[in-house]
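Participant: sequence first, then the predicted structure:
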Amino acid sequence: MPTGSDDYPPRAAETADQGVGAHKDYGYLALLQQDEVGGLQVQSEDSDWIDAVPVPGAFVFNGGEMLEIATQGCLKATQHRVVSPQSGVHRYSIPAYIAGTLAQVKDNGQLLTSFSGRL
Ligand SMILES: O=C(O)CCC(=O)C(=O)O
Ligand SMILES: [Fe+2]
C-alpha cells in the first residue's frame, strides 16, 4: 500500500457496502487525488449521485462547510460518498484537507469575512 493514502479494500461480493457514507467535509477545501478505480460520487441538487470519473493527472476539489459559510452560501459544500470497489480490487486515494480559521467582522453594517487556511 502506498504511504499517505487511503486504502479502500474490496467489498464482499454479496454486499454493496460503501467505503465512505454520504457526507460533507467540514473544512474549506479537500484536494483529492484518486487512482483509476473510481468510486467517488457527488450528489446533484436533484439528489442524483454522479460518478466523479477519475481523470489521469487531475485533482478533485471538494468544497466544505466552512467554505459555504465563508462565502455566505455562494459556494456550496458538496455532499459526496465513496462506493467500495468490486471484489478483488483495491482503490487508493490521497486526500489533503485545507482547514483554517474563519473571521467575520461587521464594519458599518457590512459583513467582512476572511480566513486563513493551511493544509
Ligand atoms: O477517498 C475519496 O475519494 C474521498 C474521501 C472523503 O470523502 C473524505 O476523506 O472526506
Ligand atoms: Fe469527504
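Facilitator: Looks like it arrived, so ask away. Residues are numbered from 1 along each chain as shown. Ligands and ions are numbered 1, 2, ... in the order given.
Participant: from now on I want contacts and neighbour counts done on CA atoms only, so please keep to that.
Facilitator: Will do.
Participant: spell out which parts of the protein neighbour ligand 1.
Facilitator: Remark: the part of the chain in contact with ligand 1 comprises 25, 40, 81-82, 93, using Cα under 6 Å from any ligand atom.
Participant: are any of those buried, and which?
Facilitator: Buried members of these, scored by 16 or more other Cα atoms under 10 Å, are 25, 40, 81-82, 93.
Participant: low pLDDT regions in the protein?
Facilitator: Counting by pLDDT under 70, the ranges of the chain that qualify are 1-4, 11-18, 101-119.
Participant: that one: helices as residue ranges?
Facilitator: Along the chain, the segments classed as helices by DSSP state H run 65-70.
Participant: how about the contacts made by the residue positioned nearest the centre of it?
Facilitator: The chain has N62 as the residue nearest its centroid, 4.2 Å off, counting by Cα atoms, centre = their mean. N62 makes contact with 25, 29-32, 77-78, according to Cα atoms under 8 Å, 6 or more residues apart in numbering.
Participant: kindly report the same for K24.
Facilitator: Neighbours of K24 in contact, by Cα under 8 Å, 6+ apart: 64-65, 77-80.
Participant: kindly report the same for E68.
Facilitator: 28, 74-77.
Participant: switch the cut-off to 7 Å
Facilitator: Applying Cα atoms under 7 Å, 6 or more residues apart in numbering to E68 gives the contacts 74-77.
Participant: same check on I69?
Facilitator: Taking Cα under 7 Å, 6+ apart as the test, I69 contacts no residue whatsoever.
Participant: tell me the spacing between it and G27.
Facilitator: 10 Å (Cα to Cα, to the nearest Å).
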